[in-house]
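Chemist: Kindly return the folded structure for what I paste below:
(one chain, ligands or ions: 2)
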Amino acid sequence: MSIKISPSILSADFAQLGREIRAIESAGCDWVHVDVMDNHFVPNLTIGPGVCKWIRPHIKTVMDVHLMMAPADGLLSAFAKAGADYISVHPEAHPHLDRTLQVIRELGPKAGVALNPSTPINVLEHVLDRLDLIIVMSVNPGFGGQSFLPSQIQKIRDLKTMIGKRDILIEVDGGINPKTAPLVAAAGADVLVAGSAVFGKGAQDESIYAANIKAIRDAANAAVKTRA
Ligand code: DX5
Ligand code: ZN
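Modeler: Ligands and ions are numbered 1, 2, ... in the order given. Next comes the predicted model:
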């Protein structure tokens, strides 16, 4: 299995999102990660379903929408209509997580849950059959450019065991670069989100993005071979 790279457009130049998305896709990314923040669940504010709708035609790969908002229930259908392929929510933001996950799938997208660094994996034990994706947050969500938390490596291993043969992908989000990618890939990650390590300061050219994506992917794929 080859590791997928999902660059976070949080670190892109927001004045030219269409161009930035076309550049990372030409540079070889697998998915496009969209960080939605509400200045309530997390201390930052980004974009909503309206912007998702406008960027959707620029995305030829997979639109991977990460909702850092509480609650998200009232906007799930707007994000689905905007064309999300995956919608992931945080369990703390939803008292009825089982129902939220059912609603996401009924609307069309695949369903994901994102776990903050302090959130234990057992919140997922009884909803595994409703999940397509689990995001392990390897930073406290809210900002790009933070340092990777090594405490999350064991969580990835434990999740891999919990998932067993189910068709659920593990995505790791936060502080991923060519040094940390091998650590999470060896532990069982399938998809790596990278914001600052792909975009740098944003508005760069496709060849820089291609080199950045390749460096992360190569380091991760080399480590996959060491998995037990
Ligand atoms: C953190 C976001 C991440 C973040 C990753 O709140 O969910 O997607 O943008 O950025 P880097 O790769 O710079 O840590
Ligand atoms: Zn994210």
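Chemist: can you map out the strands along this protein?
Modeler: For the chain, the strands defined by DSSP state E cover 4-7, 32-37, 63-68, 86-89, 110-115, 133-137, 169-173, 191-194.
Chemist: Now render those as TSV, adding mean neighbour count, distance to ligand 1 and mean pLDDT.
Modeler: C-beta coordinates here come from the backbone N, C-alpha and C atoms, glycine included. Formatted as TSV, those follow (neighbours: other Cβ atoms under 10 Å; distance: least, Cβ to the nearest ligand atom, whole Å; pLDDT from 0 to 100):
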stretch	mean neighbour count	distance to ligand 1	mean pLDDT
strand 4-7	26	8	98
strand 32-37	25	5	98
strand 63-68	26	5	98
strand 86-89	28	10	98
strand 110-115	22	8	98
strand 133-137	24	7	99
strand 169-173	25	5	98
strand 191-194	28	5	98
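Chemist: Please convert the ones you listed to JSON lines, extending it with distance to ligand 2.
Modeler: As requested, the strands of the chain are exported to JSON lines (distance: least, Cβ to the ion, whole Å):
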{"stretch": "strand 4-7", "distance to ligand 2": "9"}
{"stretch": "strand 32-37", "distance to ligand 2": "4"}
{"stretch": "strand 63-68", "distance to ligand 2": "4"}
{"stretch": "strand 86-89", "distance to ligand 2": "8"}
{"stretch": "strand 110-115", "distance to ligand 2": "7"}
{"stretch": "strand 133-137", "distance to ligand 2": "7"}
{"stretch": "strand 169-173", "distance to ligand 2": "4"}
{"stretch": "strand 191-194", "distance to ligand 2": "5"}
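Chemist: closest point of the chain to ligand 1, which residue?
Modeler: Closest to ligand 1 within the chain is Gly195: 2.9 Å, counting by Cβ to the nearest ligand atom.
Chemist: That residue: what's it in contact with?
Modeler: With contacts defined as Cβ atoms under 8 Å, 6 or more residues apart in numbering, Gly195 is in contact with Pro7, Ser8, Ile9, Leu10, Ser11, His33, Asp35, Gly144, Gly145.
Chemist: ok, which residues in the chain are in contact with ligand 2?
Modeler: For the chain, the contact set with ligand 2 under Cβ under 5 Å from the ion comprises Asp35, His66, Asp173.
Chemist: Relative to Glu206, which of the residues you listed is nearest.
Modeler: Proximity of the residues of the chain next to ligand 2 to Glu206 (Cβ to Cβ) peaks at Asp35, which lies at 21.8 Å.
Chemist: The closest residue to the closest one other than its chain neighbours: how many residues sit nearby?
Modeler: Leaving out its chain neighbours, the residue that sits closest to Asp35 by Cβ to Cβ, 6 or more residues apart in numbering is Leu10, at 4.4 Å. Using other Cβ atoms under 10 Å, Leu10 has 24 neighbouring residues.
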